[in-house]
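Peer 1: fold the following for me, if possible:
(chains A and B)
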Amino acid sequence: MSTNENSLSSNRSRFSPGRLSWNPYAVGAGIGILSWLVFLVVNKPLGMSTEISKFSGWIAGIFMGQEAMVQNAYWAEKTPAFGYSTVFLIFTFLGSFFSARLSGDFFAERVPPLWEKYQGPGIAKRMIAAFIGGALLLYGARMAGGCTSGHGISGTMQLALSSWLFFPVMFVSGIVTAKFIFRRKVA
Amino acid sequence: MSLPISKDSTAGLILSALFGIIFGFLLNKGRVTQYNVIVNLFRLKDFTVMKIMLTAIVVGGVGVFAMKGMGLIEAYQVKSANLLGVALGSAIFGVGMALLGYCPGTGVAAMAAGRIHAVVGFLGMLAGGIVYAFSYGWVNENILSVAAMGKVRLPEVTGIPAIAWWAILFVGVGVVFYLLEKKFTTSEGES
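Peer 2: Predicted coordinates:
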């Protein structure tokens, strides 16, 4: 009886919102089950990068004018508009925010310690790398037709050929890039 | 209420908020909003990302496969296999992910956890989206059209039925997890 109670309470604490981390297999299973619901309810896979490219369109529209922006061949296809994916992006942000606040994982990080070990403490250098990294991410994601969520999780689970090509190529490319970034420690 | 519902209806938007909250919460609890966890995957020192993704693929995939079989899901929603575009795009994506330490989804979630470099990374993503839109005409004509096989799935391409693919994936993922747990007693990479 008491062992039962113990295992119950330890299970509860293992998945309490205040914990910094949950078991990765459980998190993965949670994302898998979430995709069932999303498929069932709206018949749409989880995705993120298309919506970000629509945010790009909004910003471009401010500078070049709305009419000119929607004339662009890409944004004519993926026209920026408030909708399902916009809400999904905003609430993904909020979900992570709540989780981080509850567990004490919320903190301002400019230069991650691991980056600093190999690339030095310079804030400008880290920010330039982050900016270029972000630009390459979205450029690559749009060319490939999806990102880690759209291809890496949603596409692979539907056995899409495109996604099973995306996954290994991305992985190898990341490994090669990391070899360069983390080649030599500074000082 | 018949499924699927229109995603941009009020009910769709409310559910989207719920799905998003859960997704963001799970990303943070899975620690993939931490720079170290992502880059240490590429340094082959921490396989948290791999464990999360492969579990999500197997759990999600088997459920989606079963629901499709039962007629609960209308249609598969896969991306076009423009083989050159996907190969090139994913290679560029990998460089970006190692440089930034996040992918688009985890980047959004990391901003919410206060990571300022992730905010700069997000601005970079917006810039990348703009550059892509302006180069799209050329890319579409010269890259996306090469080896374009359409929205195909492995069962159609290989002739191996989906159920067999799932058997292969189950065993493969099981072996990977077994080896990871055996070899890496601690999932904490260098910090």
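
Peer 1: any idea how far B:Gln77 is from A:Gly167?
Peer 2: Actually, residue A:167 is Phe. It isn't Gly. Distance, A:Phe167 to B:Gln77, using C-beta to C-beta, to the nearest Å: 17 Å. In this view, the C-beta of every residue, glycine as well, is placed from N, C-alpha and C.

Peer 1: err, A:Thr177, not the other one
Peer 2: Distance, A:Thr177 to B:Gln77, using C-beta to C-beta: 30 Å.

Peer 1: quick one: which of these two has more around it?
Peer 2: When A:Thr177 and B:Gln77 are compared on other C-beta atoms under 10 Å in any protein chain shown, the one with more neighbours turns out to be A:Thr177, at 21 against 18.

Peer 1: quick check: B:Trp166 touching B:Gly63?
Peer 2: No: in this structure B:Trp166 lies outside contact range of B:Gly63 using C-beta atoms under 8 Å: 11.1 Å.

Peer 1: pLDDT weak spots in chain B?
Peer 2: Counting by pLDDT under 70, the low-confidence segments of chain B come to B:1, B:184-191.

Peer 1: repeat that for 50
Peer 2: By pLDDT under 50, the weakly predicted segments of chain B are B:187.

Peer 1: need the strands for it, in chain order.
Peer 2: Read by DSSP state E, chain B holds no strands at all.

Peer 1: can you check which helix is longest in it?
Peer 2: Across chain B, the longest stretch assigned as helix under DSSP state H is helix B:116-142.

Peer 1: buried residues in stretch B:124-136, which are they?
Peer 2: Residues of stretch B:124-136 classed as buried by neighbour count (16 or more other C-beta atoms under 10 Å in any protein chain shown): B:124-133, B:135-136.

Peer 1: find the centremost residue of chain B, please.
Peer 2: The residue lying closest to the centre of chain B (C-alpha atoms, centre = their mean) is B:Met53, at 7.5 Å.

Peer 1: for chain B, what spans make up the helices?
Peer 2: According to DSSP H, the helices that chain B contains are B:10-29, B:35-42, B:48-69, B:83-100, B:104-112, B:116-142, B:154-158, B:162-183.

Peer 1: and the first one with helix B:48-69, angle?
Peer 2: Read that as helix B:10-29. Interaxial angle, helix B:10-29 versus helix B:48-69 (axes from the mean of the first three to the mean of the last three C-alpha atoms, to 10 degrees): 150 degrees.

Peer 1: residue contacts, A:Pro24?
Peer 2: B:30-31, B:48, B:51-52, B:55, B:187 (C-beta atoms under 8 Å, 6 or more residues apart in numbering or on different chains).

Peer 1: is it possible to get CSV of the residues you listed that adds neighbour count and distance to chain A?
Peer 2: Shown next, in CSV, are the contacts of A:Pro24 (neighbours: other C-beta atoms under 10 Å in any protein chain shown; distance: C-beta to the nearest C-beta, whole Å):
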residue, neighbour count, distance to chain A
B:Gly30, 29, 4
B:Arg31, 23, 5
B:Thr48, 24, 5
B:Lys51, 24, 4
B:Ile52, 28, 4
B:Thr55, 22, 3
B:Ser187, 18, 7
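
Peer 1: redo these as a markdown table? Include distance to A:Gly47.
Peer 2: Output for the contacts of A:Pro24, formatted as a markdown table (distance: C-beta to C-beta, whole Å):
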| residue | distance to A:Gly47 |
| --- | --- |
| B:Gly30 | 18 |
| B:Arg31 | 22 |
| B:Thr48 | 22 |
| B:Lys51 | 22 |
| B:Ile52 | 17 |
| B:Thr55 | 19 |
| B:Ser187 | 27 |
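
Peer 1: just to revisit the earlier point, please say which of B:Trp166 and B:Gly63 ends up with more neighbours.
Peer 2: For B:Trp166 and B:Gly63, the more surrounded residue by other C-beta under 10 Å is B:Gly63, and the numbers stand at 20 against 16.

Peer 1: for the more buried one, which non-adjacent residue is closest in space?
Peer 2: When the adjacent residues along the chain are set aside, B:Gly63 lies closest to A:Trp36, with 4.2 Å between them (C-beta to C-beta, 6 or more residues apart in numbering or on different chains).

Peer 1: which helix or strand lies directly C-terminal to the helix or strand containing the one you found?
Peer 2: Mapping A:Trp36 onto the secondary structure by DSSP states H and E places it in helix A:24-42. Sequence order places helix A:49-64 as the next helix or strand after helix A:24-42, per DSSP H and E.

Peer 1: near chain B, anything from that following helix?
Peer 2: Yes: looking at helix A:49-64 against chain B by C-beta under 8 Å from any C-beta of the partner chain, the contacts come from A:49, A:52-53, A:55-57, A:59-60.
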